[in-house]
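A.B. asks: just a sequence and a predicted model for now, questions to come.
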Amino acid sequence: MRFVPVPILAHHPRPANTSPAEPAATADVDDDVRAELSILCAACRATITSPQPRTAVNGSHDRRFVNPAGFTFHLGCFSAAIGCTIVGPDSLEYPWFPGFSWRYAMCGACGCHLGWHFRKPDHAGFFGLILDRLQQSAPDA
Ligand SMILES: [Zn+2]
């Protein structure tokens, strides 16, 4: 029998068809994972990435760019973004990062445009995500 010191199921009512004799499903969740901050899609709150894969490209993590239509984007660079789906063909038009081709990076859950994935042959690639379209949160906040 595991001792569970806090009522961690308080915000997650047990489904009516679950036997009260079953152990709590959340009792084995890793505390480190629960405490880790996530970076979420601001539109649907799906997990997109976390602060750990923040990376610097050409010397800085965050950059401002103006696209050909005149819109300014404040991008943060991330080496990984598990919640993004990369779509479209590689493009070399309007190279914000010289030498890198780019594709669109969309929220894998709601399809919102979150930024771009940049890559070139001798580089692992990175995501440039629009910081206004993300929010930081603990997973169960
Ligand atoms: Zn989303």
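C.D. replies: It's in.
A.B. asks: name the nearest residue to G83, sequence neighbours excluded.
C.D. replies: I48 (3.8 Å; Cβ to Cβ, 6 or more residues apart in numbering). Any C-beta I mention is one placed from the backbone N, CA and C, and that applies to glycine too.
A.B. asks: same question but for T47, I mixed them up
C.D. replies: Distances taken as Cβ to Cβ, 6+ apart place S38 nearest to T47, at 4.6 Å, with adjacent residues excluded.
A.B. asks: next one: phi and psi at the nearest residue to D62 once chain neighbours are set aside?
C.D. replies: Counting by Cβ to Cβ, 6+ apart, D62 lies nearest to G76, which is 4.9 Å off, once chain neighbours are set aside. G76 adopts backbone torsions of phi -110, psi 140, taken as degrees, to the nearest 10.
A.B. asks: who's G76 bridged to?
C.D. replies: D62, L129 (DSSP bridges).
A.B. asks: got the contact list for it?
C.D. replies: R54, H61, D62, G128, L129, L131, L134 (Cβ atoms under 8 Å, 6 or more residues apart in numbering).
A.B. asks: redo those as CSV? Include pLDDT and distance to the ion.
C.D. replies: Output for the contacts of G76, formatted as CSV (pLDDT from 0 to 100; distance: Cβ to the ion, whole Å):
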residue, pLDDT, distance to the ion
R54, 93, 20
H61, 91, 22
D62, 91, 21
G128, 96, 17
L129, 97, 12
L131, 96, 15
L134, 97, 10
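A.B. asks: farthest pair in the residues you listed?
C.D. replies: Pairwise distances across the contacts of G76 (Cβ to Cβ) peak at 13.2 Å, for the pair H61 and L134.
A.B. asks: tell me which of these two has more neighbours.
C.D. replies: Of the pair H61 and L134, L134 is the one with more neighbours under other Cβ atoms under 10 Å, namely 23 against 12.
A.B. asks: and A69, how many neighbours does it have?
C.D. replies: For A69, using other Cβ under 10 Å, the count is 5.
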